[in-house]
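Participant: coords please:
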Amino acid sequence: MADFKVRNQLNKAVVWEYWQRMNHAQAKEVPGIVKKAFHKDVNWNGPQPINEIGSSDALIRDFWEPLRHSFPDIKREAEILMGDVDGDDDWVSGMGYLTGTFVHDWLGIPATGKKTHIHFGQFFVMRDAKIVESYCILDILSVFKQAGFQVLPNALGREGGKLQKPRGGDGVMLAEQDALEGRQSKQLVEAMWNGLMRFERERDNENLDAMEQQHYWHPDFHWMGPTGIGSTHNILEFQDFHQRPWLSAFGDRNLDVEHTGRYMGFLGEGRYAAGGIWNQEFSTHHGQYQGVPATGKLMTIRDFDWYNREGNRIVQNWIPIDLIDVFKQLDVDLFDRMHRQHELRKRGIDWWDPPVDGATASTDSRRRF
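Facilitator: Numbers count the residues shown, from 1 in each chain. Next up is the predicted model:
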């Protein structure tokens, strides 16, 4: 354990130094900073449409250079930084915002010239003080929305603005934490997840009582999902605005398949816990979701969680999901929806405008879904 404590502090310091140096780097300094932090053959994984990058050189060329070209003054504000071990792997994870002025198109999204906030969540596998694996979700749908594009029906939860910061302001854990606190955080989240797994779609339908989630969540808790789902406050909003619609569409638990992808397990440090899966099978698409009828497809997901514990209850939960990837599997291209809206905009029509006389289903701005 003592050896892990030393490694954990070193691992967090490597990530923190990388983040801070990138915040102040000139273009010519970026390659050296990236190569100091990452193994030359790093397995880096980003959201759709970026996906897998297989070396530090490619990470510079295919991710950082385009991002910094589009947002030249981009800075990272970390709200959580934590570390733990799962199995044979040393992990560091964190989340927060990348903020910069959107001056050149990025990923085909038209530049706005305005400050843009991109929520990020990231998990790193560390070995010998180098990042050897990285899994990153960026809320690209939020960038769509900040650029004036609506590619999904209005979220049931609250959207707009930045998500709540960690209560207590102690999410960035550069100092060594009490091991008992971290263990308690991890155990609480594991117990909560065991409750979630008691749901059986065919038996329970929209009855969520079998999961007994009231035992794990603070009455004043906030669940903060990605753009397209939104944030909820208290367990009733969580159930009505996210759980029921999601489980109606993707309600499998204990899926009987040979799982692929990457599993992060559960990490715990201080009052915080984290977990995630990447490209892992999680459910068949059984029912309508956000206007898309059931496809019967076996779905994979890129899904992270960070939890903040107060006492023996979870008081905050941040959950990035790569929804662009989810909808791509449902044969719905959200980038295509954005591009079609952009073409209408160039003709002086925006998605919120009434339909144009003679508009077809493919161009009617109200029928964008």
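
Participant: so Val132 is in which element?
Facilitator: Assigned by DSSP states H and E, Val132 belongs to strand 130-138.

Participant: Neighbouring strands - and their directions - for that strand?
Facilitator: strand 38-45 (parallel), strand 115-127 (antiparallel) (DSSP bridges).

Participant: And the helices in this structure?
Facilitator: 2-23, 30-37, 56-59, 65-70, 140-146, 179-196, 201-204, 235-238, 244-249, 323-329, 334-346 (DSSP state H).

Participant: okay, the fifth one in CSV with CA atoms only?
Facilitator: Listed next in CSV are the C-alpha coordinates belonging to helix 140-146 (Å, rounded to 0.1, in the frame of the first residue of the first chain):
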residue,chain,number,x,y,z
ILE,A,140,-19.2,18.0,-28.4
LEU,A,141,-23.1,18.3,-28.4
SER,A,142,-22.6,21.2,-26.1
VAL,A,143,-20.3,22.8,-28.7
PHE,A,144,-23.1,22.3,-31.3
LYS,A,145,-25.6,24.0,-28.9
GLN,A,146,-23.3,26.9,-28.1
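
Participant: lowest average confidence, helix or strand, in this protein?
Facilitator: For the chain, the helix or strand with the lowest mean confidence is helix 201-204, at a mean of 84 (criterion: mean pLDDT, DSSP states H and E).

Participant: Put the alpha carbons of that one into CSV.
Facilitator: Presented in CSV, the C-alpha positions along helix 201-204 are these (Å, rounded to 0.1, in the frame of the first residue of the first chain):
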residue,chain,number,x,y,z
ARG,A,201,-36.5,-5.1,-17.7
GLU,A,202,-39.1,-7.8,-18.4
ARG,A,203,-40.2,-7.9,-14.8
ASP,A,204,-40.0,-4.3,-13.7
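
Participant: buried sites along it?
Facilitator: Across helix 201-204, burial judged by 16 or more other CB atoms under 10 Å covers 201, 204. The way it works is simple: take the backbone N, C-alpha and C, and place the C-beta from them, glycine included.

Participant: one step back: out of the helices of the chain, the one nearest Asp220 is which?
Facilitator: helix 235-238 (10.3 Å; CB to CB).

Participant: Check the nearest residue to Thr295 once chain neighbours are set aside and give its pLDDT.
Facilitator: Once flanking residues are discounted, Thr295 sits nearest to His285: 4.7 Å by CB to CB, 6 or more residues apart in numbering. His285 carries a pLDDT value of 97.

Participant: which residues sit in contact with the closest residue to Pro226 other than its chain neighbours?
Facilitator: Nearest non-adjacent residue to Pro226, counting by CB to CB, 6+ apart: Ile321, 5.0 Å away. The contact partners of Ile321, by CB atoms under 8 Å, 6 or more residues apart in numbering, come to 137, 225-226, 229, 301-304.

Participant: Of those, which is the nearest to Arg345?
Facilitator: Scanning the contacts of Ile321 for proximity to Arg345, where the rule is CB to CB, the winner is Pro226, at 23.9 Å.

Participant: can you tell me how far the closest one sits from Phe38?
Facilitator: Using CB to CB, to the nearest Å, Pro226 is found at 26 Å from Phe38.

Participant: Looking at the two, which one has more neighbours?
Facilitator: Counted by other CB atoms under 10 Å, Pro226 and Phe38 do not tie: Pro226 has more neighbours, with 29 against 24.

Participant: List the contacts of that one.
Facilitator: 119, 137, 139, 141-142, 319-321, 323.

Participant: and what of Leu107?
Facilitator: 49-50, 66, 140, 335.

Participant: I'd guessed Glu310 sits against His218; true?
Facilitator: Yes: using CB atoms under 8 Å, Glu310 is in contact with His218, at 6.1 Å.

Participant: Looking at the two, which is more packed in?
Facilitator: For Glu310 versus His218, neighbours defined as other CB under 10 Å are more numerous around His218 (18 against 14).

Participant: Contact partners for the more buried one?
Facilitator: With CB under 8 Å, 6+ apart, His218 has these contacts: 310, 313-315.

Participant: how about a cut-off of 10 Å?
Facilitator: By CB atoms under 10 Å, 6 or more residues apart in numbering, the contact set of His218 is 167, 234-235, 308-316.

Participant: Redo the residues you listed as TSV? Include distance to Arg198 and pLDDT.
Facilitator: Below are these laid out as TSV (distance: CB to CB, whole Å; pLDDT from 0 to 100):
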residue	distance to Arg198	pLDDT
Arg167	28	96
Asn234	21	94
Ile235	16	93
Asn308	24	98
Arg309	21	98
Glu310	24	97
Gly311	23	96
Asn312	19	96
Arg313	19	97
Ile314	17	98
Val315	23	98
Gln316	23	98
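
Participant: In strands, which of those appear?
Facilitator: Those of those mapping onto strands are 308-310, 313-316, per DSSP state E.
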